[in-house]
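> below are the sequence and a predicted model; questions follow.
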Number of protein chains: 2
Amino acid sequence: MGRVVVDVMPKPEILDPQGKAIAGALPRLGFTRFVNVRQGKRFELEVDGEVTDDVLAEAHEAAVTLLSNPVIENVVNVRAVTPAEIDPSATELIEPGE
Amino acid sequence: MGRVVVDVMPKPEILDPQGKAIAGALPRLGFTRFVNVRQGKRFELEVDGEVTDDVLAEAHEAAVTLLSNPVIENVVNVRAVTPAEIDPSATELIEPGE
């Protein structure tokens, strides 16, 4: 069972009200390091079997035709998922705050 | 100017109606390889200067307190952005379908 990740972000010239709202909320919660926030989407497409080049090509085609609006969004990533992103126990490793 | 990516996905046991809708639409558009789709969120947090371990720790703290709902979502990724994800010309490299 392979998995492909597609990342879609609003284009830089497009206003992102959700990102702006988050950027405004962060300092009120004590997070002062971040000067700007953008919010986009992440899709995980599951395939039977391996993630081959053919699968990635089809995922990219789907990304630009269905998963993103090319007028306001960029497809920034089409790639196979890494094991660390599937295995929840591996997620613990990226929790330096705990 | 550094950038941190935070990826948030619905927990596996949580129903994802948007993902289900996409999974239903894909075969109608000729994309037949994908057996399941989940939709989550991707945030890009911009910082002045380098992405240090301190920055990543603060980003993770923000991810679990503000950017995700821990009841229904998992933080699957907190990492520095790779140059290929910022430079739009690098995105061309991942367009095998064109």
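Yes, it's here. Residues are numbered from 1 along each chain as shown, chains lettered A, B, ... in the order given.

> what are the buried residues along stretch A:30-38?
A:31, A:33, A:34, A:36, A:37, A:38 (16 or more other CB atoms under 10 Å in any protein chain shown). For glycine as for every other residue, the C-beta is placed from the backbone atoms N, C-alpha and C.

> give me the subset of the residues you listed that also touch chain B.
Among these, the ones lying near chain B by CB under 8 Å from any CB of the partner chain are A:31, A:33, A:34, A:36, A:37, A:38.

> which residues are in contact with residue A:36?
Taking CB atoms under 8 Å, 6 or more residues apart in numbering or on different chains, we find residue A:36 in contact with A:19, A:23, B:45, B:46.

> low-confidence bits of chain A, can you list those?
Filtered on pLDDT under 70, chain A yields the residue ranges A:83-98.

> ok and the longest strand along chain A relative to strand B:34-47, angle-wise?
Counting by DSSP state E, the longest strand found in chain A is strand A:34-47. Between strand A:34-47 and strand B:34-47, the angle comes out at 170 degrees (axes from the mean of the first three to the mean of the last three CA atoms, to 10 degrees).

> orientation of the helix or strand that comes right after strand A:34-47 relative to strand A:34-47 in degrees?
From strand A:34-47 onward toward the C-terminus, using DSSP states H and E, the following helix or strand is helix A:53-62. On the basis of the same axes, to 10 degrees, helix A:53-62 is oriented at 120 degrees to strand A:34-47.
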